[in-house]
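here's a sequence, model it:
(one chain, ligands or ions: 1)
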Amino acid sequence: MPLEHVDVLIVGAGLSGIGAASHLQDELPAKTFAILEARGAIGGTWDLFRYPGVRSDSDMFTLGYAFRPWTEAKAIADGDAIRSYIEDTAQERGLRDAIRFHHRVVRAEWSTADARWTVVAEVGDSGETVSMTCSFLSVCSGYYRYDEGYTPVLPGIDSFRGQVVHPQHWPEGLDYEGRRVVVIGSGATAITLVPAMAERAAHVTMLQRSPSYVASLPAEDRLADLLRHRLPATWAYPLVRWKNVLVSMAIFRLSRRRPALVKALLRRGARKLLPEGYDVDTHFAPTYDPWDQRLCLVPDGDLFGAVRRGQASIVTDRIATFTESGIRLESGEELEADLVVTATGLNLLPIGGMTLVVDGREVDLAETVAYKGMMLSGVPNFFLTLGYTNASWTLKADLVAHYVCRLLNHMGAEGHQVVTPVLPREAETWEPVPIIDLRSGYVLRSVERLPKQGPGAPWRLYQSYPRDVRLMRRGDLEDGVEFTRVTTEDSRAGSEEEGSVR
Ligand SMILES: Cc1cc2nc3c(=O)[nH]c(=O)nc-3n(C[C@H](O)[C@H](O)[C@H](O)COP(=O)(O)OP(=O)(O)OC[C@H]3O[C@@H](n4cnc5c(N)ncnc54)[C@H](O)[C@@H]3O)c2cc1C
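Alright, predicted model coming up:
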């Protein structure tokens, strides 16, 4: 029996996978596609994370799709609203029928002779596998492990009599009313959890080893509110989207060029929202520069508000050991706790953990270089969606999905079946720079296993949306890649000539 074949196989039904499928529908309606999704739901991140207060930390006018305006009042939206937005997009476009749920892709093998990938997926927990083939593989699997969040070694944890929960595996209906909570961590998750839990808990303590930069921004976007009532959504949305892109870029650039100034501004912002005499330097002044790690945004200063009202406190210290009733710190202080939340991060997982094989040879991701941040050197007909680290993920995901359509269109017109990024000869002398340029713990823990980037276009990730708009929407489709026409069993009837075009 021949295996089922589609033109494009998408891995993952999260924000990126649903976006990639939507672009294919709109721009290449004749192409066949399917989506393989490991879980039983649409939404990826926005379905998995269910901790109290879960929300975006970038604005929805840039985290939303370019093709579907975000029309709600809240610029910083909660997890449920984002999940509904992705589900509604899939529903409206009839994409549900294209999704095979409970299909975890574990292996993809490329054969140049057949000009296609054979993809193997595990079906649920049955131990059964299914295979199908595709001409192009589009991996939209996000960037981290779903089955296990990151938890560092916590000394003495077994002696603790209270409850320990990781935000990635939040127990449904967990009751923390009137309980003493300690949230370990200082990243976006901890900063979201603390004010949300403080509303019902007896008290919440955020225990951090080192602080993060935290900035307050309005939960609702004033320009969006103004335009919503005066213009149709299809006009207002791109205006607000571009305004937010330019503002966040300006902040990022200023942080890189004048870190001392941005540090001072962030410090002043925090001081204004905290109680008189609060020790801002200990709890909100990291040793690294702004944007060396992601900047944490809090809507309407909610974290600062919880501290001001005495519902939450921040402790910057190291854990000496857990005790029966809480945590003893290196300073000797004891934190009493009924519930400890380990908001200690994610484990990176490139390309959904699948094994890639090209013509019988396993691909070592660490030896590849990313091409335009969305293909890998030496890997044919393979696309990868990785969002920005300094701006909303979807800005890049939309550009990648559109670029894929442009490229496939071009290949169809020229009669090419295969496209492979090929490194120039001088690549041997390039300094290995990881594809993700943040100094965050989750990046540093996995940096050795990630693809690299080169010193200039098309091998460098500029983390700049306006630059990428030029490169991906209108830029050259032939730079740095090799196109091939392959005579396969299927195409032999047309007896095309085999050959390579650069
Ligand atoms: C708590 C949290 C908050 C965030 N907030 C923001 C934010 O405010 N702004 C922002 O820009 N980014 C944010 N991010 C990053 C976030 O991941 C992106 O916004 C976006 O959700 C990524 O979408 P995605 O579809 O690429 O990946 P995901 O949302 O991770 O979805 C990937 C999908 O692929 C499936 N999958 C994975 N591997 C396989 C496989 N081998 N086979 C089949 N299916 C597979 C998964 O089950 C999942 O459904 C946040 C991340 C987290 C964890």
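
going forward, measure contacts between C-alpha atoms and count neighbours the same way
Noted.

span of stretch 374-382 from start to end?
From its first residue to its last, stretch 374-382 covers 8 Å (Cα to Cα, to the nearest Å).

is any residue of that stretch near the ligand?
No. Using Cα under 6 Å from any ligand atom, stretch 374-382 stays clear of the ligand, coming no nearer than 12.1 Å.

against Leu450, how distant is Val369?
9 Å.

looking at the two, which is more packed in?
More neighbours surround Val369 than the other of Val369 and Leu450, with 27 against 23 (other Cα atoms under 10 Å).

my guess is the more buried one meets Gly454, correct?
Yes. If you go by Cα atoms under 8 Å, Val369 and Gly454 touch, sitting 6.9 Å apart.

what sits opposite Thr133 in the beta ladder?
His5, Thr118 (DSSP bridges).

spell out which residues of the stretch 101-250 of the chain are next to the ligand.
Counting by Cα under 6 Å from any ligand atom, the stretch 101-250 of the chain sits next to the ligand at His103, Arg104, Val105, Val106, Cys140, Ser141, Gly142.

which of those count as buried?
His103, Arg104, Val105, Val106, Cys140, Ser141, Gly142 (16 or more other Cα atoms under 10 Å).

coming back round to it: adding secondary structure and pLDDT, write the residues of the stretch 101-250 of the chain next to the ligand out as CSV.
Listed next are these as CSV, based on DSSP: H, G, I helix; E, B strand; the rest coil; pLDDT from 0 to 100:
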residue, secondary structure, pLDDT
His103, strand, 98
Arg104, strand, 98
Val105, strand, 98
Val106, strand, 98
Cys140, coil, 98
Ser141, coil, 98
Gly142, coil, 96
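
need the residues you listed in JSON lines (columns: distance to Ile314).
Formatted as JSON lines, those follow (distance: Cα to Cα, whole Å):
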{"residue": "His103", "distance to Ile314": "42"}
{"residue": "Arg104", "distance to Ile314": "40"}
{"residue": "Val105", "distance to Ile314": "42"}
{"residue": "Val106", "distance to Ile314": "42"}
{"residue": "Cys140", "distance to Ile314": "37"}
{"residue": "Ser141", "distance to Ile314": "35"}
{"residue": "Gly142", "distance to Ile314": "31"}
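
endpoints of stretch 453-460, how far apart?
5 Å.

now do it, average pLDDT.
Averaging pLDDT along stretch 453-460 yields 92.

what's in contact with it?
Applying Cα atoms under 8 Å, 6 or more residues apart in numbering, the contact partners of stretch 453-460 are 369-373, 427, 430-435, 461, 479-480.

okay, and which of those residues map to strands?
Assigned to strands by DSSP state E, the following of the contacts of stretch 453-460 qualify: Ala370, Tyr371, Val433, Pro434.

if I look at the last one, how far off is Ser446?
When you say that, I think you mean Pro434. 10 Å.

then the third one?
As judged by Cα to Cα, Val433 and Ser446 stand 13 Å apart.

now do the same contact list for Gly19.
Applying Cα under 8 Å, 6+ apart, the residues near Gly19 are Tyr65, Ala397, Asp398, Ala401.

how many residues are close by the first one?
Meaning Tyr65. 22.

starting at the chain centroid, how far to the helix or strand harbouring Arg241?
Here Arg241, judged by DSSP states H and E, is contained in helix 233-257. Relative to its parent chain, helix 233-257 has a centroid offset of 19 Å by Cα atoms, centre = their mean, to the nearest Å.

packing partners for it?
helix 60-63, helix 222-228, helix 259-273 (3 or more Cα pairs under 8 Å, 6 or more residues apart in numbering; DSSP states H and E).

highest mean neighbour count out of those helices?
With neighbours defined as mean count of other Cα atoms under 10 Å, the helices and strands packed on helix 233-257 peak in mean count at helix 60-63, which reaches a mean of 26.

give the rounded mean pLDDT of that one.
For helix 60-63, the mean confidence score works out to 95.

which stretches in the stretch 251-400 of the chain count as helices?
Using DSSP state H, counting those that start in this stretch, the helices of the stretch 251-400 of the chain run over 259-273, 280-283, 302-308, 393-414.
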